[in-house]
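Engineer: fold the following for me, if possible:
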Amino acid sequence: MIGNVYDEKAEKLFPAPSPPPTVLCPQRWPGCTLESLAAMRHVLIDNHARYHIFHNDLKFHNHVAHRALAIYALGGSGPVIETLYKQDIKLQRAAFASPHPITTQNFVDHLGDENYYQAYTTFFAKAIQEKGASATLDEFIFSEKYNFQPGREAESQPEMLSRFIDGVLHPLIQCGHGLEFGLEGMLVEGLSLTAMHDVFIPSFLPPSLFVAQPSDSIGAMVNNFASLVLDSQSSAMPLKAPSGQDTHAFSILARVLKDPSFTSKAPFNLNRQYAETLVAHGYKICEHVQKWTVDLSKPGEIERKMEECIWTSSVIYALGGWRNGFTADFFLMHMVTSSIFLPSLIAYLSPRAQVLLLRAYLSSVIAWFLARGRPSLNFKSFFESTPTVPNPPNNPAVPQVEGIAAQDAQIPNAFLPLIQSSIIHPDNHHAKIQRTFAHFSTIYGSRPKGYFAGTELDGAEELDGSLFVRAAVLTADYMGWVREGEEARVWSMKGFFA
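Structural biologist: Numbers count the residues shown, from 1 in each chain. Model prediction:
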């Protein structure tokens with residue numbers, strides 16, 4: 001194992017992972033061992049102690065922990081985790097001390113300043129120890145106080161929820177890892193990362209969203225999700241079918257596709273594309289998303305609306321990339337890999353914060369959809385033309401099994417070769433998106449054709465639960481079956497502007 005550089009405080013922040021907080025969260029694949037646990041914990045602890053959350057001055061994110069946790073959750077071995085960590089740290093920037101501590105008095109003053117990352121981690125670690133995960137999230141991400149404060153100029157408002165969905169949703173992703181795996185250190189890092197990000201357009205998420213209601217409290221949590229690892233809440237709620245009586249996220253997507261006020265031109269600077277989109281269209285995006293209905297008086301509403309967000313993210317990546325062939329877009333890929341953490345986040349939030357999270361999330365997804373060129377979505381072509389079974393190169397023949405078709409005997413479970421190959425792919429996002437598609441295939445894969453009939457999105461009635469395996473196969477083919485002998489390829493940055 002890599003030489004230990006353990007910090008005692010860091011070690012306490014990264015214990016052995018707990019079970020996922022709800023049945024809707026990803027479950028661990030078989031293969032976890034004491035060796036893989038030790039390797040994964042070392043990566044998280046060592047990374048926390050030695051490296052900054054940004055690996056350069058452009059605020060490109062440190063993904064070390066994400067890959068280690070994905071491989072661990074997929075049953076990858078200790079040596080694989082260690083080897084890939086050695087590769088990943090070549091990019092990283094050393095951690096450094098902040099100029100001075102962060103307190104409640106100066107909290108807002110240093111938002112967006114990466115020099116204070118370590119100070120914010122100390123601040124949030126103390127907050128979580130004192131308040132718990134749910135209350136800390138509720139206060140510092142979703143409260144009116146930490147989004148809009150009376151007397152402050154618009155440009156100096158904290159707007160923590162806007163920061164939470166910035167950076168291609170990486171603050172949300174980092175926090176989501178903490179809640180899914182029961183790792184306080186990941187949540188600390190995610191909250192601190194939130195504080196490092198910027199607000200590109202004042203009030204993109206308007207102040208009216210944050211006005212507290214009398215019933216808003218952590219104690220009144222009625223989300224009816226299963227066991228909360230960090231806060232010891234419990235219960236469960238089954239998934240429900242769409243009611244057909246409200247405005248679906250697909251209908252919002254349809255209106256965005258048809259809105260003539262949205263123009264699609266290639267960005268001058270990829271690092272500014274999200275900011276440029278918000279400046280040009282942020283208020284119009286917010287106007288559309290505000291018409292998405294979320295009615296907490298309906299049983300199962302949060303689970304239903306969360307599912308709408310999940311399908312929307314996967315649709316814009318998979319069908320948005322389909323043009324008589326598939327293009328795996330780097331930025332739309334993040335819409336998928338972030339959506340896997342919605343169940344874990346939702347489980348820890350008050351009903352009010354749940355609604356805020358989903359509205360903010362859908363707003364960011366729509367913004368990125370526009371930023372990448374607002375690609376058309378051809379459901380019929382996609383489902384007529386894409387495979388549901390992978391065909392990896394150099395796949396050894398298997399003996400004939402009586403009564404079973406050769407293709408079914410060759411690959412009896414489509415996701416096994418996809419996951420096996422993704423674990424050792426050199427790209428650090430590949431295993432993450434395949435884990436996401438495997439999970440959503442597990443919980444939504446039986447959704448039948450016609451399930452989404454009745455929305456405003458043209459062709460959505462063709463959609464069924466095979467979307468996830470189709471998208472996984474297309475992704476593997478695009479990125480290259482490296483384990484099976486192909487050259488590694490990279491995500492597309494071109495967008496869909498033609």
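
Engineer: for Ala212, helix, strand, or coil?
Structural biologist: Using DSSP: H, G, I helix; E, B strand; the rest coil, the structure places Ala212 in coil.

Engineer: also Phe268?
Structural biologist: Classified using three-state DSSP, Phe268 is coil.

Engineer: so it versus Ser364, what's the distance?
Structural biologist: 21 Å (Cβ to Cβ, to the nearest Å). Heads up, the C-betas are built off the backbone N, CA and C, glycines and all.

Engineer: and Val389, by the same measure?
Structural biologist: In terms of Cβ to Cβ, Val389 sits 33 Å off from Ser364.

Engineer: again, but for Asp57
Structural biologist: Using Cβ to Cβ, we find Asp57 at a distance of 24 Å from Ser364.

Engineer: compare those two and say which is more crowded by neighbours.
Structural biologist: Ser364 (27 against 8; other Cβ atoms under 10 Å).

Engineer: go ahead and confirm the more buried one touches Arg163.
Structural biologist: No: when contacts are counted by Cβ atoms under 8 Å, Ser364 is not listed as touching Arg163 (11.3 Å).

Engineer: neighbours around Leu193, how many?
Structural biologist: So Leu193, with other Cβ under 10 Å, has 28 neighbours.

Engineer: what lies in contact with the helix or strand hosting Leu345?
Structural biologist: Using DSSP states H and E, Leu345 falls within helix 342-347. Here helix 342-347 makes contact (Cβ atoms under 8 Å, 6 or more residues apart in numbering) with 20-22, 24-25, 137, 172, 175-176, 179-180, 223, 225-226, 228, 302, 306, 309-310, 354, 357-358, 361.

Engineer: same thing with stretch 110-128?
Structural biologist: The contact list for stretch 110-128 (Cβ under 8 Å, 6+ apart) reads 9, 13, 52-54, 59, 95-103, 107, 136, 139-140, 158, 160, 163, 184, 187-189, 191-193, 195-199.

Engineer: swap in stretch 36-44?
Structural biologist: Stretch 36-44 is touched from outside by 1-2, 4, 6, 14-16, 64-65, 68-69, 71-72, 75-79, 81-82, 85, 183, 185-186, with contacts defined as Cβ under 8 Å, 6+ apart.

Engineer: if we use 6 Å, what do you get?
Structural biologist: With contacts defined as Cβ atoms under 6 Å, 6 or more residues apart in numbering, stretch 36-44 is touched by Phe14, Ala16, Ala65, Ala68, Tyr72, Ser77, Gly78, Ile81, Glu82, Tyr85.

Engineer: cool, stretch 320-332 as well?
Structural biologist: Ile316, Tyr317, Trp368, Arg372, Pro375, Phe382, Leu474, Thr475, Tyr478, Trp491, Ser492, Met493.

Engineer: among those, which ones are buried?
Structural biologist: Ile316, Tyr317, Trp368, Arg372, Pro375, Phe382, Leu474, Thr475, Tyr478, Trp491, Ser492 (16 or more other Cβ atoms under 10 Å).

Engineer: who does whatever helix or strand Trp368 lives in touch, helix- and strand-wise?
Structural biologist: Taking DSSP H and E as the criterion, Trp368 maps to helix 351-371. On a contact count with 3 or more Cβ pairs under 6 Å, 6 or more residues apart in numbering; DSSP states H and E, helix 351-371 meets helix 273-290, helix 301-318.

Engineer: please save the CA atoms from the last one in PDB.
Structural biologist: The C-alpha trace of helix 301-318 is given here as PDB (Å, rounded to 0.1, in the frame of the first residue of the first chain):
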ATOM      1  CA  GLU A 301     -44.500  13.400  -4.600                       C
ATOM      2  CA  ILE A 302     -40.800  13.900  -3.700                       C
ATOM      3  CA  GLU A 303     -39.900  10.400  -5.000                       C
ATOM      4  CA  ARG A 304     -41.800  11.000  -8.100                       C
ATOM      5  CA  LYS A 305     -40.300  14.400  -8.800                       C
ATOM      6  CA  MET A 306     -36.800  13.100  -8.000                       C
ATOM      7  CA  GLU A 307     -37.400  10.400 -10.600                       C
ATOM      8  CA  GLU A 308     -38.400  13.000 -13.100                       C
ATOM      9  CA  CYS A 309     -35.100  14.800 -12.600                       C
ATOM     10  CA  ILE A 310     -33.200  11.500 -13.000                       C
ATOM     11  CA  TRP A 311     -34.900  10.600 -16.200                       C
ATOM     12  CA  THR A 312     -34.400  14.100 -17.600                       C
ATOM     13  CA  SER A 313     -30.600  14.000 -16.900                       C
ATOM     14  CA  SER A 314     -30.200  10.600 -18.600                       C
ATOM     15  CA  VAL A 315     -32.400  11.600 -21.500                       C
ATOM     16  CA  ILE A 316     -30.500  14.700 -22.400                       C
ATOM     17  CA  TYR A 317     -27.200  12.800 -22.200                       C
ATOM     18  CA  ALA A 318     -28.200   9.700 -24.100                       C
END
